[in-house]
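J.: What follows is a predicted protein model with its sequence.
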Number of protein chains: 2
Amino acid sequence: MNCLLIEDSELDLDSGRVRLTGRRRRHADEILRACVGDTLRVGLIGGRLGMGRILELDREHLDLEVSFAEEPPTKLPLRLVLALPRPPVFRRLLSTIASLGIESLLVAGTARTEKSFWQSHVLEEEEIRARLLLGIEQSRDTIPPVVTLHRYFESLVADVLPTWIDGRRALLAHPSGDSLCPHDVNAPVTLFVGPEGGFVDYEIERLRGIGFETVGLGTRILRVEPVIPMLVGRLF
Amino acid sequence: MNCLLIEDSELDLDSGRVRLTGRRRRHADEILRACVGDTLRVGLIGGRLGMGRILELDREHLDLEVSFAEEPPTKLPLRLVLALPRPPVFRRLLSTIASLGIESLLVAGTARTEKSFWQSHVLEEEEIRARLLLGIEQSRDTIPPVVTLHRYFESLVADVLPTWIDGRRALLAHPSGDSLCPHDVNAPVTLFVGPEGGFVDYEIERLRGIGFETVGLGTRILRVEPVIPMLVGRLF
């Protein structure tokens, strides 16, 4: 936790004060070993970064006087389309994706996406939000990426992706891609990363048909967890 | 598991046969649902990749007739020096590092490396090897990276690193690096990634003194797990 994130509703606008409990109080107390008078980095979810001066810290609550003067870091111009991975992997990836500064995430179904994954509780809105907040508090950001779910491939390609790739470079990560993923593209990108086991040929053709170029990462078969930061490091 | 890895000692050189049990047998049986006559991808640890034809598969063992015709993928010209992270993170990173094709790993102690981490059983030779093998079987490689441990920073800098960086580009990943990490360097690299909490100033100076350049990844503070593949994607 590199920044204590505060919800709008927790903040008393008149006094500029906030009372925190639970995990954030414990973090200030047990990890940071902060005391009254110390200042901590804070962020208003959806707003600015700032500092909070500790007015009171005991075993029940943490009272801060906060001010928000700094803009959060800019997002990468990257929209990620990700075939839903197995739930524990998805859970961890949500935090990673948020920490990396990816602007939006579309979670997609493909032929090789296990149907049962869509029943997992990790897809519940509150679960997703909690994981995204962990990611942005790690990277000292205040704005979680926008996450949408789209289970059916046909309508994804027909109705959603044309808008998602409009005016952007559209890349499809595929082991046998035409060429290696480009470096330092200096342009907005929509990147589609497939499921374990890859896309089926029909999907590749459909996506190429609407403007995706397939790009590879060499001959090694990698898990999706390192692939996402690897592609991000390469593209920007 | 994208390749069944076989130890030299398991292979009968005269007959070209091998008998596997345990995890590899179960994988062929339960995940791949393979049958007698099918061929599976195999690799000889430290040697070549190849194919294995199933001669017998039952609840006890898997008998294969194997041949090794293909060279494993080339390694990245990357030596990684990594401040020992907390043990569960280190454990996962070992597999990731192996899967990425990093040629060697030096696990180092720094001022902010928690001393207790050095007592962890994850540093035992057999534990390390097991995690590396998981990584290379994922990426269809046969050669695990060479891993060495070097706990004391002073002798690391004085005695080990000069050889490790000789004739290579030496990069030190540091949040406030002079410039962003370069893309597509096309040269052998030795990369030093610090502990959670970063290097202390003295360490930065010592490492600069022997030829390291500090490079950053922007303003976001990231966990070490995504940072490694991110830097790899960027550098090569």
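T.: On my side now, so go ahead.
J.: May I ask which helix or strand encompasses A:T110?
T.: Assigned by DSSP states H and E, A:T110 falls within no helix or strand.
J.: Could you list which residues are in contact with the nearest residue to it once chain neighbours are set aside?
T.: Counting by CB to CB, 6 or more residues apart in numbering or on different chains, A:A83 is the residue found nearest to A:T110 once chain neighbours are left out, at 4.6 Å. (Glycine included, C-beta is placed from N, CA and C.) Taking CB atoms under 8 Å, 6 or more residues apart in numbering or on different chains, we find A:A83 in contact with A:108-110, A:112-113, A:193-195.
J.: Equivalent analysis for A:P85, please.
T.: Residues near A:P85 by CB under 8 Å, 6+ apart: A:93, A:117, A:195-196, A:224.
J.: Type out the PyMOL command that picks the buried ones from the residues you listed.
T.: Restricted to buried positions by 16 or more other CB atoms under 10 Å in any protein chain shown, the PyMOL selection for the contacts of A:P85 reads:
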select buried, chain A and resi 93+117+195+224
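J.: Just the contacts of A:P85: which are in helices?
T.: Here DSSP state H is the test, and the contacts of A:P85 give A:93, A:224 as lying in helices.
J.: can you list the contacts of A:P85 in TSV and add pLDDT and distance to B:R129?
T.: TSV is the format used below for the contacts of A:P85 (pLDDT from 0 to 100; distance: CB to CB, whole Å):
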residue	pLDDT	distance to B:R129
A:L93	98	28
A:F117	97	32
A:P195	94	30
A:E196	87	25
A:V224	96	25
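J.: Please produce TSV containing the contacts of A:P85, extended by distance to A:E126.
T.: Shown next, in TSV, are the contacts of A:P85 (distance: CB to CB, whole Å):
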residue	distance to A:E126
A:L93	17
A:F117	18
A:P195	25
A:E196	26
A:V224	24
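J.: can you narrow the contacts of A:P85 to ones near chain B?
T.: The subset of the contacts of A:P85 within reach of chain B, counting by CB under 8 Å from any CB of the partner chain, is empty.
J.: thinking again about what came up before, before we move on, what's the pLDDT of the residue nearest to A:T110?
T.: Note for A:A83: predicted pLDDT of 98.
J.: At the contact with chain B, which residues of chain A appear?
T.: Residues of chain A lying near chain B (CB under 8 Å from any CB): A:2, A:73, A:96, A:99-101, A:138-141, A:181, A:183-184, A:217-223, A:225-234.
J.: Any of those residues buried? List them.
T.: By neighbour count, with 16+ other CB under 10 Å, the residues of chain A next to chain B hold A:73, A:96, A:99-101, A:138-141, A:181, A:183, A:217-218, A:220-223, A:225-234 as buried.
J.: Setting the sequence-adjacent residues aside, check what's closest to the residue nearest to the spatial centre of chain A.
T.: When CA atoms, centre = their mean is applied to chain A, the residue found nearest the centroid is A:A98 (2.5 Å). Spatial nearest neighbour of A:A98, chain neighbours left out: A:G135 (2.8 Å); criterion: CB to CB, 6+ apart.
J.: Contact partners for that neighbour?
T.: A:94-100, A:144.
J.: same check, this time on A:V18
T.: Contacts of A:V18 by CB under 8 Å, 6+ apart are A:6, A:10-12, A:52, A:63-64, A:66.
J.: out of the residues you listed, which are inside helices?
T.: Going by DSSP H, the helices hold none of these.
J.: B:R24: which of the residues you listed is nearest?
T.: Comparing these against B:R24 with CB to CB places A:I6 closest, at 51.0 Å.
J.: What residues does that closest one make contact with?
T.: A:I6 neighbours (CB under 8 Å, 6+ apart): A:18, A:20, A:42-45, A:66.
J.: That one bridge partners, please.
T.: A:L44 (DSSP bridges).
J.: Please report how far it lies from B:E127.
T.: From A:I6 across to B:E127, the span is 41 Å (CB to CB, to the nearest Å).
J.: what does A:G52 give?
T.: In terms of CB to CB, A:G52 sits 42 Å off from B:E127.
J.: So which of these two has more stuff around it?
T.: A:G52 (27 against 16; other CB atoms under 10 Å in any protein chain shown).
J.: Per-residue confidence, the residue lying closest to the more buried one once chain neighbours are set aside, what does it come out as?
T.: The spatial neighbour of A:G52 that comes closest, neighbours along the chain excluded (CB to CB, 6+ apart), is A:L64 at 3.6 Å. Looking at A:L64, its pLDDT stands at 97.
J.: What residues does A:L64 make contact with?
T.: By CB under 8 Å, 6+ apart, A:L64 lies in contact with A:4, A:17-20, A:40, A:42, A:52-55.
J.: swap in A:A108?
T.: Taking CB under 8 Å, 6+ apart, one finds A:81-84, A:150-151, A:153, A:156, A:192 in contact with A:A108.
J.: Lovely, talk soon.
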